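**Student:** I'd like to go over a predicted model; first the sequence, then the structure.
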Amino acid sequence: MYGVENAQIYELIHEGRGKDYLAEAEEITRRVRRLKPDAGALLDVACGTGAHLGYFARLFARVEGLELSEAMVAVAARRLAGVPVHAGDMRAFDLGRTFDVITCMFGALGYAETEAELRETLRCFARHLVPGGVAAVDPWWFPENFLDGHVSGDVAAVDGLTVARVSHSARDGAACRMNVHYVVAGARSGVRHFEEAHRISLFRREQYEAAFAAAGFTVGYVDGLHSGRGLFVGVRD
């Protein structure tokens, strides 16, 4: 999972690519409040370095985060004073309290390796939601819109650092394997290189919907959002 190197430059790349965290947070908030107007408490699962969470903190009375990478938990905790950010696995966590809203962005649900893990993750979400609570999940790519062999390259310059990211994604059975290389250069730090490998499940839309239903959600799908991956919005029964 994401280590110290990536935690330091993660947002530089996404901001350089034009990602608008505020707009995404506001869009999700609008959709959530159509279903639960009184929503006041939000948990952002797989919150990364807290970029979305910082904006959710402006929109909800109480927010918390959950993240598997300890390096990213440390970054999020530093940037979001007073916001609890917990180290934990989305597939099996217990915070001992419930929320009105759970969000899970960046296709993180695709890190569930099997349908059983997908169902258990969503059951864990349901256990942390009040009745009528809302789960808003940005899925990973479906098999039919995943681009096998896709190559992506970006360069961003922020705060005295220039970061280049190149990735290659290929189908690996019912998942994709994404290899990512980074080159980071700074006037004082010089040039360094590191790499990562990710295996992310290519669940079909109906597999997501069945897992939501098994966890006790009534779910709908919004096409076109989040770079084309869409958004699942489930209401806990």
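**Tutor:** Sure, I can see it.

**Student:** tell me, what residue is most central in this protein?
**Tutor:** What sits nearest the mean C-alpha location of the chain, by C-alpha atoms, centre = their mean, is M105, with 2.8 Å.

**Student:** Leaving out the residues flanking it, which one is nearest to it?
**Tutor:** D138 (4.7 Å; C-beta to C-beta, 6 or more residues apart in numbering). In short, each C-beta sits where N, CA and C put it, glycine included.

**Student:** Next up, the contacts around the one you found.
**Tutor:** Counting by C-beta atoms under 8 Å, 6 or more residues apart in numbering, D138 touches C104, M105, F106, G107, A108, L109, L225, H226, R229, G230, L231.

**Student:** shouldn't the second one be in contact with L42?
**Tutor:** No - in this structure, M105 is not within contact of L42 by C-beta atoms under 8 Å, at 12.0 Å.

**Student:** Pretty sure V32 sits in a helix.
**Tutor:** Yes - looking at V32 with DSSP: H, G, I helix; E, B strand; the rest coil, it is inside a helix.

**Student:** and Y182, how many neighbours does it have?
**Tutor:** 19 (other C-beta atoms under 10 Å).

**Student:** Pretty sure it sits against V163.
**Tutor:** Yes - between Y182 and V163 there is a contact under C-beta under 8 Å: 6.6 Å.

**Student:** Next one: the spatially closest residue to P143 that is not a sequence neighbour, what pLDDT does it get?
**Tutor:** Distance criterion C-beta to C-beta, 6+ apart; nearest residue to P143, sequence neighbours excluded, is L202 at 4.6 Å. L202 is assigned 98 on the pLDDT scale.

**Student:** I appreciate the help and will end here.
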